[in-house]
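**Q** The following block contains a protein sequence and its predicted model.
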Amino acid sequence: MASTTPYTIRWGIMATGWIAEMFSKDLLTNPAARDVHDVRHEIVAVASSSAKERAAEFITKIDGPSTAKTYGSYHELVADPDVDIVYVATPHSHHFQNAMLALDAGKNVLCEKALTVNAAQARKLVDKAREKNVFFMEAVWTRYFPISIKVRELVASGAIGNVYRAVADLSFGNDAPEGKVTFKDSHRMVNIDLAGGALLDLGIYSLTWVFQALYHVQPEEGKEAPKVVAAINKYHTGADETTSIIVQFPKHKSQGIALTSLRVGTDVDGHNSGGPAIRIQGSGGEIQVMGPAYRPLQYKVIKKDGGGKVEVVDCPIPKDPARDWGHGMFWEADECARCLRDGKKESATLPWSESIMIMEVMEEALKQGGVEYPELISTDVFDAQSPLNTGKR
Ligand SMILES: NC(=O)C1=CN([C@@H]2O[C@H](COP(=O)(O)OP(=O)(O)OC[C@H]3O[C@@H](n4cnc5c(N)ncnc54)[C@H](OP(=O)(O)O)[C@@H]3O)[C@@H](O)[C@H]2O)C=CC1
Ligand SMILES: O=C1OC[C@@H](O)[C@H](O)[C@H]1O
């Protein structure tokens, strides 16, 4: 008889910023609130590179367990034998060094998107995960939403015929006077030292939808690396502010258009009046996903021969009533738990090869647009004592 005891994984949280807070609050929700009964999560440690006190404040802020250990360094966190898996929640610039620190210590790792700054770094992380025989996944949370699963199923089942094109946009309207955007130059969204820019932060979701529709659902033998054509407008910091990418899959005669910008928003009025953020177009119909691309809540299916009928499906994100919380990041955490339970080292929903391929596309686009990140953050040589690991800023 199958066990009724949920499998528990013990998380160590690396960094105490905004997304660490969102994710950790999701970990603390009751899985039953999303009808999950086979896995559960515990936060056993939190590390801040700034100070141990910051880790303690973080636990208070998330209403986390008082038993969780607090560390003032990432090194201490990865050495903690009670931590099963480390969640890396630092800026993009830090992912390679921080994730490598944890993998090298033999930890399973869930690393925030964008996985790295370039494809060579991503390959090195995957090699290390393989060498250490540990689980490793890029935290593209949207992939694990029921809405994504449903859309992938629809595409794979031929519900809209042969899919030839996908257009996806994730853009924020942060335009400001005098050529500026509303983010300060030091903010991670535009700071070149933190691998800022629209593409690595937002455009990755546009590419995620393009890849979900045109690549992921293909049989293994049918998968091909796309041709990439990109146009980039650079911000005065050197980061990309508006990026448009065409990915072409010649064998399948399909094209994806991935758009992102910090100047104009996908959702101009905050009410989705601008239409879908994602359009997946096939010979027999179209699937539209209402944005934002990272956290969509509704899709539509329009059939060519449907006589004007549009099927509209809402996919709300469940809240834990006891905590009045539910952001949607728990589904990727559940995936990690199931993979650990089942001895899997990578997730079939976002395999290592696909994370690497998307990094290759982004690297090529940035190259075409002349965006260059500093050596400290783009090197693929691991250094445990890098300031990115020690926090010496
Ligand atoms: N999945 C999603 O929906 C989202 C994902 N993200 C991703 O999460 C990552 C972090 O983003 P976010 O939480 O918004 O960023 P924040 O700036 O809010 O937090 C980043 C944290 O990283 C640590 N850090 C270490 N070194 C530095 C440094 N030099 N500068 C700034 N922070 C540093 C800090 O924690 P400490 O001092 O405690 O070490 C800091 O609090 C990014 O990769 C981003 O793409 C972001 C938002 C949403
Ligand atoms: O991953 C993300 O999704 C939500 C955005 O607000 C954020 O900038 C980005 O990092």
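**A** That came in fine, so what should we check first? Note that this is a predicted model, so its numbers are computed, not measured. Ligands and ions are numbered 1, 2, ... in the order given.
**Q** CA only for contacts and neighbour counts going forward, please
**A** OK.
**Q** Report the contact partners of the residue in the stretch 151-300 of the chain that ligand 1 sits nearest to.
**A** Closest residue of the stretch 151-300 of the chain to ligand 1, CA to the nearest ligand atom: Asp201 (4.9 Å). Shown in contact with Asp201 (CA atoms under 8 Å, 6 or more residues apart in numbering): Lys113, Ala114, Met189.
**Q** give the contact list for the last one.
**A** Looking back up the chat, that one is Met189. Applying CA under 8 Å, 6+ apart to Met189 gives the contacts Phe183, Gly196, Gly197, Ala198, Asp201.
**Q** now the last one: how far from Ser66?
**A** So the one you mean is Asp201. Distance of Asp201 to Ser66, computed by CA to CA, to the nearest Å: 33 Å.
**Q** repeat for the fourth one
**A** Ala198 sits 37 Å away from Ser66 when distances are taken as CA to CA.
**Q** out of the two, which sits in the busier spot?
**A** Ala198 (27 against 12; other CA atoms under 10 Å).
**Q** mind listing what that one touches?
**A** Ala198 makes contact with Ser171, Met189, Val190, Ala239, Asp240, Glu241, Thr242, Thr243, Thr260, Ser261, Leu262, according to CA under 8 Å, 6+ apart.
**Q** Which member of these is positioned nearest ligand 2?
**A** When the contacts of Ala198 are compared against ligand 2 (criterion: CA to the nearest ligand atom), the nearest one is Met189, at 7.1 Å.
**Q** Give me the secondary structure label for the closest one.
**A** The three-state label given to Met189 by DSSP: H, G, I helix; E, B strand; the rest coil is coil.
**Q** all helices for the protein, in order.
**A** Remark: helices assigned in the chain by DSSP state H are 18-27, 52-61, 74-78, 92-104, 119-132, 146-156, 198, 204-211, 330-341, 352-368, 375-378, 387-390.
**Q** In the fourth one, which residues are buried?
**A** Buried residues in helix 92-104, defined by neighbour count with 16 or more other CA atoms under 10 Å: 92-104.
**Q** Just put the contacts of Ala198 in a markdown table and tack on distance to Ala15 and pLDDT.
**A** Formatted as a markdown table, these follow (distance: CA to CA, whole Å; pLDDT from 0 to 100):
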| residue | distance to Ala15 | pLDDT |
| --- | --- | --- |
| Ser171 | 26 | 97 |
| Met189 | 17 | 98 |
| Val190 | 20 | 98 |
| Ala239 | 23 | 98 |
| Asp240 | 25 | 98 |
| Glu241 | 26 | 98 |
| Thr242 | 28 | 98 |
| Thr243 | 29 | 98 |
| Thr260 | 27 | 98 |
| Ser261 | 27 | 98 |
| Leu262 | 25 | 98 |
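**Q** so who does the residue nearest the centre of the chain touch?
**A** The chain has Val140 as the residue nearest its centroid, 2.4 Å off, counting by CA atoms, centre = their mean. Val140 makes contact with Glu112, Lys113, Tyr205, Glu332, according to CA under 8 Å, 6+ apart.
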